[in-house]
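Enquirer: Sequence below, structure please.
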Amino acid sequence: MSIDTKNVAIFAGSASLELATKIAEGLGINLGDMEVEHFADGEFSVYYKDSIRGKDVFLVQSTYPSSDNMMELLLMIDAAKRASAHYIAAVIPYFGWARQDRKDKPRVSIGAKLMADLLGTAGVTRLITMDLHADQIQGFFNVPVDHLYASTVFIDYLRKTSDLDRTVVATPDVGGAKRANSYAKFLGVPMVICHKSRAKANEVAEMTIIGDVTGKDVILVDDIVDTAGTICKAADLMMRNGARSVRAIASHAVLSDPATERIEASSLTEMIFTDSIPLRKHSDKIRIVSVAGVFAEAIKRVINHESISILFSREVGDSGRGEIAGDVAQFPFVGFHG
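Expert: Residues are numbered from 1 along each chain as shown. This next block holds a predicted model:
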């Protein structure tokens, strides 16, 4: 079903211009004209050059550090509300601060809840995001949340590039076991787990494998790669335990220094990310899979009041391996490049 482009507008924040352009192309509409004016003291303001009165507005902005990206999105929402937009949806491919989702020690902030409150106060009426660090973050919001999954495009890529008869899926930590298990079931392959203990934040003290990887092609699955310490240590451990090769997939390429250098020096043959965050440093080992088509299809379904969950339903065929349901598998902007 097509959409009524006269009553829809899509705008890109500074952090997601390339992805937003692809999403708009996928929907067959032009990206809206918006200006971010910066001042000498570091403040900035947002100005819509196009009238958005009475329109359904979709604002695309990932909120990875610095905090200016979140502040810019809040100003975009506020400006849209004051310009009499009918509907304001924040499209946040990478929802920053999501790792601060609970009190893990006394007297600590819960950043994810605070970000949800700020977005609600600013005036957002819907959130569309992908692969939250914890599913329960959806409950922090008092507006509808459409939670998309990068597995839609990762599965297609892995099927085309893997010998599934000798593949195992692995998680670099116990916390990601549910995510890895979903991939293992969908691909019809076994799963192994890495158990890690941290000396402190972003520093892994020790790691052990639960399961057998001898002679196997290992696919490590994670949602975020920050400093790449965990994923690279897991890859090296897999190879020392007899793995034939190790690749990794992760939805969000935060890649704080020295992540790229660690990936280059590791046993990983390939590190696959989505374009939820623009890649700041390039590497021959890093490959990007675009999720523009996933977001474009989701936005189209929101506009037309259609189900989104059907896009991510899974059916297991005669081979014991899943099939992607819905239109995303055929969407022209679900592609990959190096």
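
Enquirer: And residue 243, how close does it get to residue 162?
Expert: The spacing between residue 243 and residue 162, counted by CB to CB, to the nearest Å, is 14 Å. All C-beta atoms are positioned from the backbone trio N, CA, C, and that covers glycine.

Enquirer: which residues do those two both contact?
Expert: Contact criterion CB atoms under 8 Å, 6 or more residues apart in numbering; residues shared by residue 243 and residue 162: residue 217.

Enquirer: which of these two has more neighbours?
Expert: Comparing residue 243 with residue 162 by other CB atoms under 10 Å, the one with more neighbours is residue 243, at 22 against 15.

Enquirer: The residue nearest to the more buried one when sequence neighbours are not counted: what's it in contact with?
Expert: Excluding its sequence neighbours, the residue lying closest to residue 243 (CB to CB, 6 or more residues apart in numbering) is residue 213, at 4.4 Å. Under the criterion of CB under 8 Å, 6+ apart, the neighbours of residue 213 are 168, 170, 192, 238, 241-243.

Enquirer: Could you dump those residues into TSV with distance to residue 137 and secondary structure added?
Expert: Formatted as TSV, the entries for the contacts of residue 213 read as follows, by distance: CB to CB, whole Å; DSSP: H, G, I helix; E, B strand; the rest coil:
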residue	distance to residue 137	secondary structure
168	29	strand
170	25	strand
192	27	strand
238	30	helix
241	34	coil
242	38	coil
243	33	coil
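
Enquirer: Closest to residue 265 out of those residues?
Expert: Here the nearest of the contacts of residue 213 to residue 265, counting by CB to CB, is residue 238; it sits at 15.5 Å.

Enquirer: Quick check on the contacts of residue 213: which are buried?
Expert: Buried residues within the contacts of residue 213, counting neighbours by 16 or more other CB atoms under 10 Å: 168, 170, 192, 238, 241, 243.

Enquirer: Dump the residues you listed into a markdown table; add distance to residue 129 and pLDDT as well.
Expert: What follows is these, written out as a markdown table (distance: CB to CB, whole Å; pLDDT from 0 to 100):
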| residue | distance to residue 129 | pLDDT |
| --- | --- | --- |
| 168 | 29 | 97 |
| 170 | 26 | 96 |
| 192 | 29 | 95 |
| 238 | 31 | 95 |
| 241 | 36 | 95 |
| 243 | 33 | 97 |
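
Enquirer: can you pull out the helices in the stretch 51-200 of the chain?
Expert: 68-82, 111-122, 151-161, 177-187 (DSSP state H, counting those that start in this stretch).

Enquirer: Not including adjacent chain positions, what is the nearest residue to residue 47?
Expert: Spatially, and ignoring its direct neighbours in sequence, residue 47 is nearest to residue 35 (4.7 Å; CB to CB, 6+ apart).

Enquirer: same check, this time on residue 116
Expert: residue 140 (3.8 Å).

Enquirer: Tell me the residue in this structure that is farthest from the middle.
Expert: Relative to the average C-alpha location in the chain, and by CA atoms, centre = their mean, no residue lies farther out than residue 40, which sits at 33.1 Å.

Enquirer: distance of it from residue 80?
Expert: Counting by CB to CB, the gap between residue 40 and residue 80 amounts to 26 Å.

Enquirer: ok so, going back, Throw the helices of the stretch 51-200 of the chain into CSV and include mean pLDDT and mean neighbour count, thanks.
Expert: Putting these into CSV (pLDDT from 0 to 100; neighbours: other CB atoms under 10 Å) gives the following:
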stretch, mean pLDDT, mean neighbour count
helix 68-82, 98, 20
helix 111-122, 97, 18
helix 151-161, 93, 19
helix 177-187, 92, 18
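
Enquirer: residues contacting residue 283?
Expert: Taking CB under 8 Å, 6+ apart, we find residue 283 in contact with 260, 263-264, 271.

Enquirer: any low-confidence regions in the stretch 101-250 of the chain?
Expert: 196-205 (pLDDT under 70).

Enquirer: rerun at 90
Expert: Along the stretch 101-250 of the chain, segments meeting pLDDT under 90 span 104-105, 134, 152, 172-176, 194-208, 210.

Enquirer: Any idea what the closest residue to residue 154 other than its chain neighbours is bridged to?
Expert: The shortest distance from residue 154 to any residue other than its chain neighbours is 5.2 Å, reached at residue 249 (CB to CB, 6+ apart). In this structure, residue 249 has the following beta-bridge partners (DSSP bridges): residue 221, residue 272.
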